[in-house]
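Chemist: Dropping a prediction and its sequence here:
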Amino acid sequence: MQAIRNFFGRTSWSSAERLDDKTVVITGANTGIGKETAIDLAKRGAKVIMACRDMERAQAAVKEVVESSGNENIVCMKLDLSDSKSIREFAEAINKEPKLNILINNAGVMVCPYGKTADGFEMQIGVNHMGHFLLTHLLIDLIKRSAPARIINVSSMAHSWGSINLEDINSEKSYDKKAAYSQSKLANILFTRSLAKRLEGTGVTTYSLHPGVVQTDLWRHLNGLQQAVMKMVSPFTKSSAQGAQTSIYCAVEPSLEKESGGYYSDCAPAECSAAGKDDNVAQKLWELSCQLLSITWE
């Protein structure tokens, strides 16, 4: 029983750290761990910009965040990570902000049926990696001007079952939804490592993390047997509030100020897979991402 609890992780963490006069962007903040992260950072005094695809749900979430935190400096803005046009419009609006101290790339899709984004990417690599890669690129100058600043990429332990298929990044030759999800989460970790190297000396630090096995809407694409298994283990899984703790830790923990590029779980440094430390593949993925997104980012 304890082994199961250790696998799913239930570590708690708390800090009185304040974020007054800081601005935070959280993608996918209208539900699950994104919303819980927004509530926590709002309680610390930050201005929180909730980047969401569904504006009706986002506006309801803003009301909840304001009521839970007592902070009225909360706004929601439209962001569809499956469409580069939406990403560019969102980034253009954010770049009018005087500062951006914390970017939390939290949104994601999980084990969904095969589909493509507006730009022709397989949906999971497109939203989970390409969308956040482009968004970060478009916001990086503002983030640098706001240093000290942090970029947090929400990955998953599922990265350890993945590999990057540079020859078929969009799974067009064959599609396994779990393999595609694992690939996208591995891409999050490799992106974090590459970004940390490029940001050395700028005062901007990066972190990737496993939130734990969390009860969220992401489970909706699991099949009947998988849903049944998750229901059986649900007593050992995390609530959204518990799942948000490592994101919050990476965003606010003072001791991480000089750390960059690492992987975290249960509010502590963790070991990622060997594939997650492959700087050669990380560089190739960076170059491929730039090529496919038609951007230049040295």
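Modeler: Arrived safely, thanks for sending. Numbering: from 1, shown residues only.
Chemist: all strands for the stretch 1-150 of the chain, in order.
Modeler: Shown for the stretch 1-150 of the chain, the strands assigned by DSSP state E, counting those that start in this stretch span residues 23-27, 47-52, 74-78, 102-105, 149-154.
Chemist: out of these, nearest to Glu167?
Modeler: Glu167 lies closest to strand 149-154 among the strands of the stretch 1-150 of the chain, at 24.1 Å (CB to CB). Backbone N, C-alpha and C define where each C-beta goes, glycine included.
Chemist: from the chain's centre, how far out does that closest one sit?
Modeler: Relative to its parent chain, strand 149-154 has a centroid offset of 8 Å by CA atoms, centre = their mean, to the nearest Å.
Chemist: residues of the helix or strand just after it that come out buried?
Modeler: Heading C-terminal from strand 149-154, the first helix or strand you meet, by DSSP states H and E, is helix 177-198. In terms of neighbour count (16 or more other CB atoms under 10 Å), helix 177-198 has its buried residues at 177, 179-196.
Chemist: Please apply the same query to stretch 47-66.
Modeler: Neighbour-count burial for stretch 47-66, counted by 16+ other CB under 10 Å, picks out Lys47, Val48, Ile49, Met50, Ala51, Cys52, Arg53, Ala58, Ala61, Val62, Val65, Val66.
Chemist: Please apply the same query to stretch 148-158.
Modeler: Quick answer for stretch 148-158 (16+ other CB under 10 Å): Ala149, Arg150, Ile151, Ile152, Asn153, Val154, Ser155, Ser156, Met157, Ala158.
Chemist: Name the residues linked to the second one by a beta bridge.
Modeler: Right, the one you point to is Arg150. Counting by DSSP bridges, Arg150 forms beta bridges with Ile102, Thr205.
Chemist: That one reaches Cys250, doesn't it?
Modeler: Yes. With contacts counted by CB atoms under 8 Å, Arg150 reaches Cys250, the gap being 7.0 Å.
Chemist: overlap in contacts of these two?
Modeler: Common neighbours of Arg150 and Cys250, using CB atoms under 8 Å, 6 or more residues apart in numbering, are Tyr207, Leu256.
Chemist: show me what contacts Asn105?
Modeler: Taking CB under 8 Å, 6+ apart as the test, what Asn105 contacts is Thr27, His132, Leu135, Thr136, Ile151, Ile152, Asn153, Val154, Asn188.
Chemist: of all the residues you listed, which comes closest to Asp279?
Modeler: Set against Asp279, the nearest of these by CB to CB is Asn188 (15.3 Å).
Chemist: Phi, psi for the nearest residue in space to the closest one that is not next to it in sequence please.
Modeler: Counting by CB to CB, 6 or more residues apart in numbering, Asn188 lies nearest to Ser155, which is 4.0 Å off, once chain neighbours are set aside. Reported as degrees, to the nearest 10, the phi and psi values for Ser155 are phi -100, psi -140.
Chemist: again with Gly262
Modeler: According to degrees, to the nearest 10, Gly262 has phi -80, psi 170.
Chemist: what about the nearest residue to Glu271 once chain neighbours are set aside, which SS state?
Modeler: Excluding the flanking residues, the one nearest Glu271 by CB to CB, 6+ apart is Tyr263, at 7.4 Å. Classification of Tyr263 using DSSP: H, G, I helix; E, B strand; the rest coil returns strand.
Chemist: Okay, Tyr263 and Ala93: tell me how far apart.
Modeler: Relative to Ala93, Tyr263 is positioned 31 Å away (CB to CB, to the nearest Å).
Chemist: Look at those two and report which has more neighbours.
Modeler: Set Tyr263 next to Ala93 and count neighbours by other CB atoms under 10 Å: Tyr263 wins out with 23 against 13.
Chemist: By mean pLDDT, point me to the weakest helix or strand of the chain.
Modeler: Least confident helix or strand of the chain, by mean pLDDT, DSSP states H and E, is helix 2-8 with a mean of 42.
Chemist: Give me the pLDDT for the residue nearest to Arg53 when sequence neighbours are not counted.
Modeler: Leaving out its chain neighbours, the residue that sits closest to Arg53 by CB to CB, 6+ apart is Asp80, at 4.8 Å. For Asp80, the pLDDT comes out at 98.
Chemist: Let me know whether Asp80 touches Ser86 as I believe.
Modeler: Yes. Between Asp80 and Ser86 there is a contact under CB under 8 Å: 3.9 Å.
Chemist: Right, I'll leave it there.
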